[in-house]
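Q: What follows is a protein structure lacking sequence information:
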């Protein structure tokens with residue numbers, strides 16, 4: 001009976017793998033669909049913005065700067081939403097890509113989410129303002145180091161990076 005149990009276990013494992021892959025594909029499809037929809041909306045706003053600019057400067061129509069700024073902020077809003085969805089899509093792909101570096105797969109599975117519009121100054125990879133180091137190249141990120149300097153952890157300034165990060169995390173928990 002143990003051979004049959006082994007076969008059943010192996011079949012169950014393979015079925016679970018297929019289900020997980022199907023779920024990943026479904027999530028990817030939904031995210032791509034949402035990104036495409038937002039891209040179309042962004043394109044329509046850019047077209048509308050272009051028409052307003054042509055009307056203002058070519059046809060000499062009165063148009064307030066506020067209405068132009070409003071359209072620009074709508075376009076920027078679409079860009080931010082697209083970046084968030086693209087980061088989620090990249091996270092799904094990275095989490096299950098055997099060719100991806102182990103650190104990136106671990107971050108993707110742990111739920112690392114880059115801050116939209118924020119990137120590493122050295123390698124230009126998407127990064128999070130909440131992180132001290134770039135996940136791609138390890139460069140110190142400016143957003144977190146300024147908050148780290150205001151913490152009373154002067155004695156830990158000579159520690160290695162990972163220990164410093166843990167110390168700051170513990171410090172944040174004490175202050176909340």
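A: Happy to help now that I have it. Small disclaimer: the values here were computed from a predicted structure and weren't measured.
Q: Would you state the predicted confidence (pLDDT) at residue 80?
A: Here, the pLDDT recorded for residue 80 equals 90.
Q: How much space separates it from residue 135?
A: Separation of residue 80 from residue 135 (C-beta to C-beta, to the nearest Å): 20 Å. Any C-beta I mention is one placed from the backbone N, CA and C, and that applies to glycine too.
Q: Contacts only, for the residue lying closest to residue 137 once chain neighbours are set aside.
A: The shortest distance from residue 137 to any non-neighbouring residue, by C-beta to C-beta, 6 or more residues apart in numbering, is to residue 123 (4.3 Å). Taking C-beta atoms under 8 Å, 6 or more residues apart in numbering, we find residue 123 in contact with 134, 136-137, 139.
Q: In JSON lines: those residues, plus pLDDT, distance to residue 6 and neighbour count.
A: As requested, the contacts of residue 123 are exported to JSON lines (pLDDT from 0 to 100; distance: C-beta to C-beta, whole Å; neighbours: other C-beta atoms under 10 Å):
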{"residue": "134", "pLDDT": "79", "distance to residue 6": "45", "neighbour count": "20"}
{"residue": "136", "pLDDT": "72", "distance to residue 6": "42", "neighbour count": "18"}
{"residue": "137", "pLDDT": "79", "distance to residue 6": "45", "neighbour count": "12"}
{"residue": "139", "pLDDT": "85", "distance to residue 6": "49", "neighbour count": "15"}
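Q: biggest helix in this protein, by residue count?
A: For the chain, the helix that runs over the most residues, judged by DSSP state H, is helix 2-57.
Q: related to what we said a few turns ago, pick out the most distant pair among the contacts of residue 123.
A: Distance extremes for these: the farthest pair is 136 and 139 at 8.4 Å, using C-beta to C-beta.
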